[in-house]
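Student: Have a look at this prediction, sequence included:
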Amino acid sequence: MKAGSRKWDEAIWAAGAAGERPDWADVVWYAVDGFGCVGMFTSAGPGPIPRTVFRSLEAHNSLAKYLRDLPFKGKPELLIRYKRTDVWRQAAEQGLYAFDYDCDSELPAGYRLVARPPASLALSLSTLPTWVQEQFGDLCVSSESFAESAGRVLDLSGVRSGLVA
């Protein structure tokens, strides 16, 4: 099975739907915070993922395509410097808060904000088409503010559907 292939994605979604964390794959997923701001997350393998992400591969791919195709909104602020920051930088350029799961540093493991859009350009759930808003129905981290999460681990305890961890 080749990474990035349809069979690869189906294996990831089958594992997640069965409640097993697909720790062999860096899964990209999306959520909104308690204020309706949109975030992109990369699991780095061991990162927990909301169960709702795995309800439908087709729905996830449609949402991901829509968000990837958004226009450039502005220059983001990079908060964590990796050798390659393209994925997180591009998401923040499109108005998303961009997080990565970090378990390799001396800090506690968890999702950390890598890049953020200028506050005035942050993508808001209320400005998105109805079908996109519906996709985010159970993908809400209600206890969090993405805008105020820099420098700490994001608290995912407010995810309604529970986590595949």
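Tutor: Ah, there it is.
Student: which other helices and strands contact the lowest-mean-pLDDT helix or strand in the chain?
Tutor: Lowest by mean pLDDT, DSSP states H and E among the helices and strands of the chain is strand 163-164, with a mean of 88. Contacts defined by 3 or more CB pairs under 8 Å, 6 or more residues apart in numbering; DSSP states H and E place strand 163-164 against strand 49-50. C-beta coordinates here come from the backbone N, C-alpha and C atoms, glycine included.
Student: so how far is the strand it packs on from its chain's centroid?
Tutor: In terms of CA atoms, centre = their mean, to the nearest Å, the centre of strand 49-50 is set 9 Å apart from its chain centre.
Student: strands paired with it, and their directions?
Tutor: strand 163-164 (antiparallel) (DSSP bridges).
Student: beta partners for the closest residue to residue 146 other than its chain neighbours?
Tutor: Nearest residue to residue 146, sequence neighbours excluded (CB to CB, 6 or more residues apart in numbering): residue 97, at 3.8 Å. For residue 97, the beta-bridge partners are residue 39 (DSSP bridges).
Student: need the contact list for residue 97.
Tutor: Contacts for residue 97 were tallied using CB atoms under 8 Å, 6 or more residues apart in numbering; they are 33, 37-40, 91, 113, 115-117, 122, 146-147, 149.
Student: Cross those residues against strands and list the overlap.
Tutor: Secondary structure defined by DSSP state E assigns 33, 38-40, 113, 115-116 of these to strands.
Student: Among these, which pair sits farthest apart?
Tutor: Comparing every pair within the ones in strands among the contacts of residue 97 by CB to CB identifies 33 and 115 as the most remote, at 15.5 Å.
Student: wait, isn't residue 150 in contact with residue 78?
Tutor: No - the pair residue 150 and residue 78 fails to qualify as a contact (CB atoms under 8 Å) at a distance of 11.0 Å.
Student: Most neighbours of all the contacts of residue 97, which one?
Tutor: residue 91 (29 neighbours; other CB atoms under 10 Å).
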